[in-house]
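J.: Sequence isn't available, so here's the structure alone:
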């Protein structure tokens, strides 16, 4: 009887470890979303399999081939400007515009070419493949680029 309990415990622990290693959200994330609710919207071409295939060094076009276009982008500027982030969606500035960016002439719905004209090109871009339509808890999937190459991937649970 003790041996059967030991085998069962080893199987359960092994399954939990496997799930935690292979889940993009981890066991805590899975449990939190079960308790709090999951309000994740994914980009049209997104798949977990495609996300897992992304690795550092891939180009933007290679990522786009795996996952399609992102829902939105976050352009980060570290050129001494007080406008640190510009949010882009569909080729124009998203409705979220930081006050410091407004002072630099950045406006909602401005074409990205005008942002580049005012602030220059961003060397740090993050593509968001998920979001929460109701601004609550969701599964976060973000791919970060530096100078056009994947530099980092973020996955997990965003709690709001």
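T.: Perfect, thanks for sending it. Remember, it's a predicted structure, so these values are computed and weren't measured experimentally.
J.: any weak-confidence spans in the chain?
T.: 1, 5-22, 79-81 (pLDDT under 70).
J.: how about the helices of it, start to end?
T.: 2-22, 26-36, 48-53, 60-67, 99-103, 112-119 (DSSP state H).
J.: Can you give the contact residues for the fourth one?
T.: I take that to be helix 60-67. Applying CB atoms under 8 Å, 6 or more residues apart in numbering, the contact partners of helix 60-67 are 43, 45-47, 50-51, 53-54, 58, 127, 129, 143, 145, 148, 150. Placement of C-beta: from N, CA and C, glycine included.
J.: let's see 6 Å
T.: 45-46, 50, 53-54, 143, 148 (CB atoms under 6 Å, 6 or more residues apart in numbering).
J.: cool, the third one as well?
T.: Helix 48-53 is contacted from outside by 66-67, 141, using CB under 6 Å, 6+ apart.
J.: residues touching residue 146, list them.
T.: residue 124.
J.: Please tell me how far it sits from residue 48.
T.: 24 Å (CB to CB, to the nearest Å).
J.: Among the contacts of helix 60-67, which one sits closest to residue 82?
T.: Distance to residue 82, by CB to CB, is smallest for residue 148 among the contacts of helix 60-67, at 25.2 Å.
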